[in-house]
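S.K.: what's the 3D shape of this:
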Amino acid sequence: MDSKSKSQAKAKDRISELPEAVLCHILSFLPTKYSFRTSILSTRWKNVWASVPNLDICDEATSDKTGFMAFVDRILFSPQSSNIRKFRLHCSSVDDFSRIDSWVCRAIQRNAVEVDLCVESDGEHIFELPKPLLISKTLEVLKLDSNYVINLPLSGSFPSLRFLHVTVDSPDSYAMGTLISYCPVLENLTVDGTLGNHVRSVTVSAAELKSLRIRLRSTTDVLHDAHNFSINAPKLEYLDIEEDILSNYKLENGKSLVKAHARVIDYSTIRGRDFLNRATALMSTISNVKYLSLSAMYLEDLCLPTFGNLSHLKLVANFCNYWEVPDLLERIPKLEYLALEYEVICIGGDSEYQRIPMESVPICLTSHLKSISIRGLKGEPNDLEMLKYLLRNGEVLEKMTIYAGGLLRTKEELNKEVCPFKRGSKTCKVEYI
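M.R.: Numbering: from 1, shown residues only. As a prediction, this is how the structure comes out:
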């Protein structure tokens, strides 16, 4: 036997020799239609797909609806099939709701833990969530990516559901509030989608809720009254709000809140009194947090409260003046870490040089602030004035990081300007990235 024949004899299909559990884990990262195709590779692979714990089924770009439905039937009702960990079903062209109902029920029968469901309707007919899904004892994660009819039982709904992600268009306020209240162990809730110009009043009441994300967009350019969110979640630790038109927020039992992200930018009512009142009320609602990420414009117009516990602040500033920073820091006496990102910088009616008032120095600068990072600087006189102020008064400052993207001068030129600045901390290092 020549050397080439010996080499071929020694060659092995090492992937096929892997344990079936490893093969299933690898295939779980593929859409189901691809994992199913491995059945033709060899006898070894014939039924491996049936043990894959994740099913990812989507009819996108499917012209043969009959063939697609037969494929899904074979996958879900195969006698070799095992329990399901994740079940993702997105249907945009299949309009046989009874067939889709049977697929969801079968996934629940196979003890699905996570379900990601999107069934697009034609406007007249809306898919009704099957009862087995609503009362499943194994379901822990549910993602609904379209509008549904939900007829909740009087008791026993979602007994194990901990994560709920709802994406809806112009949701019914009562139905939304009822759905949330019928999840007794819900810990993580995301409400995503669009709101029309009809005012919605949504109640979020969940005794075990720890994380709440609200990401809503307006579908109209017409100004309308703000929507209303009433939140009763005594164990809430994280609140994330991002809207085109800021809603009214009322938070009850908010003492456990630790971290918040808020986008208080309302392009439809810039500097409008109603918007400012809503933004100010929201800031008061979250004033006890330790970690805050804030996207804001025109800080001078907001009646900001004192953030007595805040130690970490990320501020994404739009149309903000540099001299507003000291006023903001005055309200954060225990701040230790500050990240500033200037997206649009406002320096007054013209571009003339502005000096930051030096008379008052925030207590956090002299006693707590250890780290500052800044993005969006141009290297202009106003930038230098702010850097000079922070370095001069940062008595316990350990590090300042300046991100050079967008600079109108080189890092070396900026460093030459900054180096002579007097520093309140002898150990402070300035880093340019």
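
S.K.: where does the nearest residue to Met297 once chain neighbours are set aside sit, in terms of helix or strand?
M.R.: Sequence neighbours aside, Asn318 is the residue nearest to Met297 in space, at 4.1 Å (criterion: Cβ to Cβ, 6 or more residues apart in numbering). Yep, even glycine has a C-beta here, placed from its N, CA and C like the rest. According to DSSP states H and E, Asn318 maps onto strand 312-320.

S.K.: which residues sit against that strand?
M.R.: Applying Cβ atoms under 8 Å, 6 or more residues apart in numbering, the contact partners of strand 312-320 are 265, 290-299, 307, 328, 332, 335-346, 376.

S.K.: direction included, what does it pair against?
M.R.: In the sheet, strand 312-320 lines up against strand 291-297 (parallel), strand 337-345 (parallel) (DSSP bridges).

S.K.: what about the helices in this protein?
M.R.: Counting by DSSP state H, the chain has helices at residues 3-10, 20-27, 32-37, 65-76, 97-109, 131-134, 173-181, 273-285, 324-330, 363-367, 381-393, 411-418.

S.K.: wait, what's in contact with Arg106?
M.R.: Leu76, Phe77.

S.K.: please repeat the previous calculation with a cut-off of 10 Å.
M.R.: Contacts for Arg106 (Cβ atoms under 10 Å, 6 or more residues apart in numbering) come out as Val72, Asp73, Ile75, Leu76, Phe77, Ser81, Ile84, Phe87, Ala112, Pro132.

S.K.: give me the neighbour count for the fourth one.
M.R.: By the measure other Cβ atoms under 10 Å, the count of residues near Leu76 is 22.

S.K.: could you report the separation of the closest residue to it other than its chain neighbours from Pro31?
M.R.: Excluding the flanking residues, the one nearest Leu76 by Cβ to Cβ, 6+ apart is Arg106, at 4.5 Å. Separation of Arg106 from Pro31 (Cβ to Cβ, to the nearest Å) stands at 18 Å.

S.K.: okay, the helices of the chain in JSON lines with mean pLDDT next?
M.R.: What follows is the helices of the chain, written out as JSON lines (pLDDT from 0 to 100):
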{"stretch": "helix 3-10", "mean pLDDT": "52"}
{"stretch": "helix 20-27", "mean pLDDT": "71"}
{"stretch": "helix 32-37", "mean pLDDT": "68"}
{"stretch": "helix 65-76", "mean pLDDT": "87"}
{"stretch": "helix 97-109", "mean pLDDT": "94"}
{"stretch": "helix 131-134", "mean pLDDT": "92"}
{"stretch": "helix 173-181", "mean pLDDT": "83"}
{"stretch": "helix 273-285", "mean pLDDT": "87"}
{"stretch": "helix 324-330", "mean pLDDT": "86"}
{"stretch": "helix 363-367", "mean pLDDT": "95"}
{"stretch": "helix 381-393", "mean pLDDT": "89"}
{"stretch": "helix 411-418", "mean pLDDT": "89"}
